[in-house]
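Visitor: Have a look at this prediction, sequence included:
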Amino acid sequence: MKHLEDTPWWICDPGDTNYCAYVDTDSNYFNAEPLLRHLYPNFDEMSEKEKDNVLEKEALKYQDIITEDYNRLAKDCFNVTSHRLEMKTECVIRSAYFRATRRYAQWITKQEGIENETLDVKGLEFKKANFPPVFGKFFKSCLEQVLKGVPKHEIDSQLLKFRRQILSGEIPIEKIGNPQAVKKLNKFTERKARAGEMFSSIGKGAPAAVKAAIIYNDLLRFWKLDKKYNYITQGEKIKWIYLKNNPYRIEAIAFLDYDIPKEISTFIEKYADRQKVFDSILLNKLEGFYNDLGWSLSLNPHRNKFFNF
């Protein structure tokens, strides 16, 4: 294989190290820093923009070399003169986080030769429809700051501040509830509450959102609010939230944030388990993120120590 004359092909692999960061279908992501340090002795003195430019310059050289080798391979091994194998430099990435296949984030600075600074995220938890936007916005902010080199102690400080906002009630329940579409509502309602009974009988294996929706409907009926407000119905998009110790021993309840009775809203505000909401939605996800970075979040059994105000 032909290589740039002044660049030993092994420069990116002196210790049998794999500098391929990620592969997906026909896309390959490589750490080019060792090569650039070899080619440009003043690499550390360059600005970030200059580094982006020289990276793109070298990538374009190598894409032509590899494409030329594809041509030779097609001719020598398969006796064909045309094929569809071609290398193309898609983007310059200043930093990236790869969680798993098709689950990553990358800070793109140039795309197909055009300066286009953007955070490209694929498949990570906070992008899912059932992830509350207020938590997703915070998670995305943390991720972006990590990729831009913000130190850990600053992100820890922001996490503590955000947690205070959740636990204090500064952020309303409408924004911290789990959004989800209710399915098989009728299937898991084994028997509706009879006269004098407060709650229906819920079938085993019912998802948390379904249980929460059935309980909401039961409260609506028991408190005689169903004449003014609508029941949650099959396929409806709801939000649901964990509850702490309450007179009815309810673990979670759903609600329609556009049509919630004041009585139920007051009940939820009083008994919402904001700690559990924070832990289950955000903190557990951040633990995996911190571990990937080699950071310590001081979770179990020292979670209370970390979040001691």
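Guide: Now that the structure is in, tell me what you want to look at. Numbers count the residues shown, from 1 in each chain.
Visitor: Please, where are all the strands along the chain?
Guide: With strands called from DSSP state E, the chain shows them at 20-24, 27-30, 91-100, 103-111, 114-122, 178-181, 189-191, 201-202, 237-242, 252-255.
Visitor: Mean neighbour count, those: which tops it?
Guide: strand 252-255 (a mean of 25; mean count of other CB atoms under 10 Å). (C-beta placed from N, C-alpha, C; glycine too.)
Visitor: pLDDT (mean, whole number) over that one?
Guide: Strand 252-255 shows a mean pLDDT of 97.
Visitor: Quick one: list the elements packing against it.
Guide: helix 208-222, strand 237-242, helix 262-271 (3 or more CB pairs under 8 Å, 6 or more residues apart in numbering; DSSP states H and E).
Visitor: switch to 6 Å and redo it
Guide: helix 208-222, strand 237-242 (3 or more CB pairs under 6 Å, 6 or more residues apart in numbering; DSSP states H and E).
Visitor: Adding mean pLDDT and distance to Val277, write these out as TSV.
Guide: As requested, the helices and strands packed on strand 252-255 are exported to TSV (pLDDT from 0 to 100; distance: least, CB to CB, whole Å):
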stretch	mean pLDDT	distance to Val277
helix 208-222	95	12
strand 237-242	96	6
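Visitor: Looking at these, which is nearest to Glu263?
Guide: helix 208-222 (8.3 Å; CB to CB).
Visitor: angle of the closest one against helix 262-271?
Guide: Angle between the axes of helix 208-222 and helix 262-271 is 130 degrees (criterion: axes from the mean of the first three to the mean of the last three CA atoms, to 10 degrees).
Visitor: Contacts for helix 208-222 next, please.
Guide: 180, 182, 185, 188-189, 193, 198-200, 202, 226, 231-232, 238, 240, 250, 252-254 (CB atoms under 6 Å, 6 or more residues apart in numbering).
Visitor: Please pull out the lowest mean pLDDT helix or strand from this protein.
Guide: helix 303-306 (a mean of 48; mean pLDDT, DSSP states H and E).
Visitor: wait, which of the strands of the chain is closest to Lys276?
Guide: strand 237-242 (4.4 Å).
Visitor: For the closest one, which strands pair with it and how are they oriented?
Guide: Counting by DSSP bridges, the strands paired with strand 237-242 are strand 178-181 (antiparallel), strand 252-255 (antiparallel).
Visitor: Using a markdown table, please lay out those strands together with distance to Leu39.
Guide: Converted to a markdown table, the strands paired with strand 237-242 look like this (distance: least, CB to CB, whole Å):
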| stretch | distance to Leu39 |
| --- | --- |
| strand 178-181 | 50 |
| strand 252-255 | 58 |
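Visitor: Would you mind telling me which of those strands is nearest Gly288?
Guide: Between those, strand 178-181 lies closest to Gly288; by CB to CB that is 18.7 Å.
Visitor: and the closest one, C-alpha only, in PDB?
Guide: Below are the C-alpha coordinates for strand 178-181, written out as PDB (Å, rounded to 0.1, in the frame of the first residue of the first chain):
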ATOM      1  CA  ASN A 178     -42.100  10.800  32.900                       C
ATOM      2  CA  PRO A 179     -43.800  11.400  29.600                       C
ATOM      3  CA  GLN A 180     -45.200   8.200  28.100                       C
ATOM      4  CA  ALA A 181     -48.100   6.900  25.900                       C
END
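Visitor: Would you quantify the distance from the nearest residue to Trp223 once chain neighbours are set aside to Cys77?
Guide: Distances taken as CB to CB, 6 or more residues apart in numbering place Glu263 nearest to Trp223, at 5.8 Å, with adjacent residues excluded. Per CB to CB, to the nearest Å, Glu263 is found 76 Å from Cys77.
Visitor: which regions of the stretch 151-300 of the chain sit below the pLDDT cut-off?
Guide: 298-300 (pLDDT under 70).
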